[in-house]
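J.: the sequence and its predicted three-dimensional model are supplied below.
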Amino acid sequence: MPDNFNAKEKITVEETDLLQEIMNIAFGRAASDLAELVDIFVVLNVPQIKLLKAFDLPAYINKEIMNYDKDRVSVVEQNFWGKFKGNAFLVFPPGTGKNIFYLFDGGDKSYESDHTHDMEKETFQEIGNILIGACVGKIAELLGDVTTYSPPRVVLETSLRGIVYDNLSDPDNMAIVLRTVFEFKEKNVNGYMFIFTRQESFAWLKTALHKFLEQYE
């Protein structure tokens, strides 16, 4: 760990378990919001929590998506600010764009090919607004915080490495990564969500987690 990582800020096993449960609740809310919009069932995997150096984040994400073509993924990236601050990434495999678009247009495949790129990008932005906004917002709400967001940034069919590195302002800092896998059932669409919260949020996060737990004791 880097020298500037205070031992008092280290996230314990108990805190990690609690954060995982909060992530589970939050992503369930996000999936419900999306299901109402596109009338589709979303399958969720149990979220995972990992503490690592920010510098190791690109390698970690690449390992998690080992079955994807790393140079042709589509990525939705969004920054968020508050006491809980960081970056969120949605990562989709190659060729997902058209299937994502069909979810929102009711299955109409007659749109003009000249506009395909723009339509797919707009649809990914909408997915990002719903999934990231609902998930991060619910985590913040459960922990007594309010967040603001940058507009989602969408990059289609590109290499993930450069996008992630662009967001590492201090690669020596520690990061908490919240990761889950989601699938739109029977629509052949799946992806990963990674929420990367920065070390400067750790002290607040520990306090907020314990306040959350006190409500049920």
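T.: Arrived safely, thanks for sending.
J.: next up, the contacts around residue 33.
T.: By CB atoms under 8 Å, 6 or more residues apart in numbering, residue 33 lies in contact with 130, 134. Placement of C-beta: from N, CA and C, glycine included.
J.: you'd agree it is in a strand?
T.: No. Counting by DSSP: H, G, I helix; E, B strand; the rest coil, one finds residue 33 to be helix, located in no strand.
J.: so which residues of this structure form helices?
T.: Here the chain has its helices, by DSSP state H, at 13-38, 57-64, 96-105, 116-142, 160-165, 202-214.
J.: what's the mean pLDDT across the first one?
T.: In this model, helix 13-38 has a mean pLDDT of 80.
J.: do the same with the third one
T.: Across helix 96-105, pLDDT averages out at 70.
J.: low-confidence ranges in the protein?
T.: For the chain, the stretches flagged by pLDDT under 70 are 1-9, 34, 38-40, 70, 102-115, 160-172, 185-188, 217.
J.: let's see it at 80
T.: By pLDDT under 80, the low-scoring segments of the chain are 1-11, 27-47, 54, 58, 66-71, 94-117, 157-174, 181-190, 198, 216-217.
J.: about what we covered before: mean neighbour count, the helices of the chain: which tops it?
T.: helix 116-142 (a mean of 19; mean count of other CB atoms under 10 Å).
J.: quick one on the thing from earlier: which stretch among the helices of the chain comes nearest residue 80?
T.: Of all those, it is helix 116-142 that lies closest to residue 80, at 5.2 Å by CB to CB.
J.: what angle separates the closest one from helix 13-38?
T.: In terms of direction (axes from the mean of the first three to the mean of the last three CA atoms, to 10 degrees), helix 116-142 departs from helix 13-38 by 130 degrees.
J.: one step back: now render the helices of the chain as a markdown table, adding distance to residue 84.
T.: Output for those, formatted as a markdown table (distance: least, CB to CB, whole Å):
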| stretch | distance to residue 84 |
| --- | --- |
| helix 13-38 | 11 |
| helix 57-64 | 17 |
| helix 96-105 | 28 |
| helix 116-142 | 5 |
| helix 160-165 | 20 |
| helix 202-214 | 7 |
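J.: between the ones you listed, which one is nearest to residue 49?
T.: helix 13-38 (4.9 Å).
J.: the closest one: how far from the chain's middle?
T.: Averaged C-alpha coordinates place helix 13-38 at 11 Å from its chain's average position (CA atoms, centre = their mean, to the nearest Å).
J.: go on, stretch 54-71?
T.: How far stretch 54-71 lies from its chain's middle: 14 Å, per CA atoms, centre = their mean.
J.: what's the end-to-end length of that stretch?
T.: End-to-end distance for stretch 54-71: 21 Å, by CA to CA, to the nearest Å.
J.: circling back: out of the helices of the chain, which gets nearest to residue 44?
T.: Residue 44 lies closest to helix 13-38 among those, at 5.8 Å (CB to CB).
J.: and the angle from that closest one to helix 202-214?
T.: Using the same axes, to 10 degrees: helix 13-38 against helix 202-214 is 80 degrees.
J.: one step back: which one of the helices of the chain lies nearest to residue 178?
T.: Here helix 13-38 is closest among these (CB to CB), at 4.9 Å.
J.: good, wrapping up.
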